[in-house]
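Student: Quick one, what's the 3D model for this:
(one chain, ligands or ions: 1)
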Amino acid sequence: MFEGLTGRLGDIFDRLTRRGALSEEDVGAALREVRIALLEADVALPVVKQFIAGVKEKAVGQEVLRSITPGQMVVKIVHDHLVEMLGSASEGINLEAAAPVPILMVGLQGSGKTTSTAKIALRLKTRERKKILMASLDTRRPAAQEQLKILGEQVQVATLPIIPGQQPVEIAKRAMQMGRQEGFDVVMLDTAGRLAIDDELMAEVAAVRDATKPVETLLVVDAMTGQDAVTVATNFQDRVGITGIVMTRIDGDARGGAALSMRQITGKPIKLLGVGEKVDALEAFHPDRIAGRILGMGDVVSLVEKAAENIDKAEAEKLAKKMEKGTFDLDDMANQLKQIRKMGGMGGMLGMLPGIGKIKNQLKDANIDEGILKKQEAIISSMTKAERRNPDIIKASRKRRIALGSGVQVQDVNRLLKQFQDMQTMMKKVKKMGQKGFMRQGLAGLLPKGKGFP
Ligand SMILES: Nc1nc2c(ncn2[C@@H]2O[C@H](COP(=O)(O)OP(=O)(O)OP(=O)(O)O)[C@@H](O)[C@H]2O)c(=O)[nH]1
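Tutor: Numbering: from 1, shown residues only. Below you'll find the predicted structure:
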């Protein structure tokens with residue numbers, strides 16, 4: 001559903017993340033484009049305005065972590081704001097009440113109400129081991145009650161026996177009674193829909209609500225109807241009161257704006273998403289995952305989070321000093337290896353960057369993976385303290401012992417010592433050039449030319 005928006009935002013952030021340093025103007029220009037992208041995705045204007053203002057406020061004057069670019073930081077801020085707009089935490093169905101817990105399903109005709117009722121029943125049955133009773137209160141559309149009965153058979157969930165001629169409130173009461181008598185945990189009440197909102201529909205739903213006191217009143221809306229879905233939700237919220245939203249047909253090509261505006265405008269959470277016609281095509285709504293999907297930035301966001309979590313600033317400072325003094329030893333190297341492993345290894349770290357798939361495969365070929373990192377750590381820990389400080393003293397017989405002790409081949413030990421030597425040579429260079437000079441030249445050497453680094 002979010003493809004269009006994802007593509008637009010991807011382009012904007014691609015340009016942004018390639019810059020080494022960002023001015024307020026850069027952020028401003030990028031946010032103007034984000035604003036257009038959101039509007040084109042059919043997000044309601046007041047929501048867009050509030051969103052942009054919030055991001056701007058956070059982005060200006062934000063401290064940028066050492067290991068990431070300002071552009072990546074902005075992506076993270078936009079992401080966090082999206083999550084906030086979508087409702088922060090994922091909210092499940094509330095079953096906190098004495099059994100049988102009544103759940104009222106409401107919405108317009110054709111929104112996917114009946115299908116969603118069966119989907120939710122199946123989910124509660126299999127995931128929460130609940131005993132569910134479903135009842136159709138739709139006395140207007142011929143065969144509506146029959147449709148629920150067939151779905152019930154399909155998902156193997158009980159349905160209330162149909163008594164022709166009975167009215168919605170009576171059916172609801174009968175369902176609750178059967179629920180109590182036969183020990184059901186949950187009673188799902190599928191109300192009738194209309195083509196549009198009308199007073200009669202609202203009065204009927206309100207009467208059922210008053211007769212059953214539902215713990216959840218879930219509004220089913222069709223994502224394909226865009227901003228209309230938000231209007232429908234506002235209406236139901238004002239006139240009957242809802243506790244959550246089930247958005248269906250997100251497997252279609254809706255532009256996503258409705259999902260983005262829903263929480264902000266109605267104040268009610270989207271709880272579930274319908275992702276297809278099959279009875280198991282239902283997903284929990286996770287704001288963080290949806291935001292990630294919308295931004296489609298590989299996973300710049302978790303890269304930033306991991307960088308913040310794992311890179312200990314003080315540790316980095318200490319290491320830099322050691323580099324300058326030339327006292328970097330194998331213990332320090334082991335620490336470095338651990339840091340890399342904590343971030344999910346080279347593969348994990350690189351996999352989080354957009355467009356890095358190809359390079360990752362090359363690295364795999366070059367055998368830089370987590371196994372190697374672990375092996376190297378094991379080799380170092382098989383050495384004595386004196387050896388770790390000065391590996392020059394390690395003779396051939398000790399190398400064999402170390403290899404044996406860490407379960408590797410002698411050539412692995414040799415490779416590690418060679419790497420260490422290379423690092424020391426690099427340190428000497430750093431010392432000579434001064435750290436800043438090295439950083440500049442080192443990065444320039446690593447990065448493809450003309451990518452906007454200063
Ligand atoms: N692709 C897709 N189709 C869905 C989804 N949810 C429901 N449908 C389909 O939408 C159609 C209408 O669904 P119903 O459950 O009958 O709709 P309703 O809201 O109960 O309609 P009324 O009973 O007339 O009020 C059916 O063909 C469903 O299979 C979904 O998430 N994705």
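
Student: List, one by one, the residues from the stretch 301-450 of the chain near the ligand.
Tutor: Residues of the stretch 301-450 of the chain lying close to the ligand (C-beta under 6 Å from any ligand atom): none. Placement of C-beta: from N, CA and C, glycine included.

Student: For the strand or helix carrying L122, buried residues please.
Tutor: In this assignment (DSSP states H and E), L122 forms part of helix 113-128. Residues 113-125 are the ones in helix 113-128 that count as buried (16 or more other C-beta atoms under 10 Å).

Student: Same question for stretch 100-110.
Tutor: Using 16+ other C-beta under 10 Å as the test for burial, stretch 100-110 gives P100, V101, P102, I103, L104, M105, V106, G107, L108.

Student: ok, and which of the residues you listed reach the ligand?
Tutor: The overlap between those and the neighbours of the ligand (C-beta under 6 Å from any ligand atom) comes to G107.

Student: can you put the buried residues of stretch 100-110 in TSV and add secondary structure and pLDDT?
Tutor: Listed next are these as TSV, based on DSSP: H, G, I helix; E, B strand; the rest coil; pLDDT from 0 to 100:
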residue	secondary structure	pLDDT
P100	coil	93
V101	strand	95
P102	strand	96
I103	strand	96
L104	strand	95
M105	strand	96
V106	strand	94
G107	strand	92
L108	coil	90
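
Student: Please determine how far I120 is located from the ligand.
Tutor: Separation of I120 from the ligand (C-beta to the nearest ligand atom, to the nearest Å) stands at 12 Å.

Student: So which residue is dead centre in this protein?
Tutor: The residue lying closest to the centre of the chain (C-alpha atoms, centre = their mean) is R289, at 1.9 Å.

Student: ok, back up a step: what's the angle from the helix holding L122 to strand 101-107?
Tutor: 150 degrees (axes from the mean of the first three to the mean of the last three C-alpha atoms, to 10 degrees).

Student: Among the buried residues of stretch 100-110, which one sits closest to the ligand?
Tutor: Using C-beta to the nearest ligand atom, G107 comes nearest to the ligand of those, at 5.7 Å.

Student: Just confirm the closest one contacts V221, I think it does.
Tutor: Yes. Using C-beta atoms under 8 Å, G107 makes contact with V221 at a distance of 6.2 Å.

Student: So for the strand or helix carrying M176, what gets flagged as buried?
Tutor: Using DSSP H and E, M176 sits in helix 168-181. Within helix 168-181, the residues that count as buried by 16+ other C-beta under 10 Å are P168, V169, I171, A172, A175, M176, M178, G179.

Student: Quick check: the fifth one touching V186?
Tutor: Right, A175. No. Under the criterion of C-beta under 8 Å, A175 is not in contact with V186, lying 10.9 Å apart.

Student: Residues that sit against both of those two, list them.
Tutor: Among the neighbours of A175, those also in contact with V186 (C-beta atoms under 8 Å, 6 or more residues apart in numbering) are L133.

Student: Now do the contacts for E128.
Tutor: If you count contacts by C-beta under 8 Å, 6+ apart, E128 has them with L95.

Student: The helix holding M176 near the ligand at all?
Tutor: No. Interface with the ligand: helix 168-181 contributes nothing (C-beta under 6 Å from any ligand atom), its closest point being 12.9 Å away.

Student: Run through who's touching that helix.
Tutor: With contact meaning C-beta under 8 Å, 6+ apart, helix 168-181 is reached by 99-100, 102, 133, 135-139, 160, 163, 166, 184, 186-187, 189, 191-192, 204, 207-208, 211-212.

Student: Residues in a beta bridge with the residue in the chain positioned nearest to the ligand, which ones?
Tutor: Proximity of the chain to the ligand (C-beta to the nearest ligand atom) peaks at G274, 2.5 Å away. Note on G274: beta-bridge partners L282, judged by DSSP bridges.

Student: distance from the centroid: which residue in the chain tops it?
Tutor: Relative to the centre of the chain, the most outlying C-alpha is that of S397, 52.2 Å out, by C-alpha atoms, centre = their mean.

Student: Any regions of this protein where pLDDT drops low?
Tutor: Applying pLDDT under 70 to the chain flags residues 1, 15-23, 60-72, 254-255, 293, 295-320, 323-326, 339-370, 426-454.

Student: per the record, what domains does it have?
Tutor: As recorded under automatic domain parsing, the domains making up the chain are 3-86, 101-285, 312-446.

Student: ranges for the strands of the stretch 1-150 of the chain?
Tutor: Applying DSSP state E, counting those that start in this stretch to the stretch 1-150 of the chain gives strands spanning 101-107, 132-136.

Student: how about these, which one is nearest H81?
Tutor: Smallest distance to H81 across the strands of the stretch 1-150 of the chain (C-beta to C-beta): 29.2 Å, for strand 101-107.

Student: Relative to the whole chain's centre, how far out is the closest one?
Tutor: Mean-position distance between strand 101-107 and its chain equals 28 Å (C-alpha atoms, centre = their mean, to the nearest Å).

Student: Likewise for stretch 419-428?
Tutor: Centre to centre, stretch against its chain (C-alpha atoms, centre = their mean), the figure for stretch 419-428 is 40 Å.

Student: All set, thanks.
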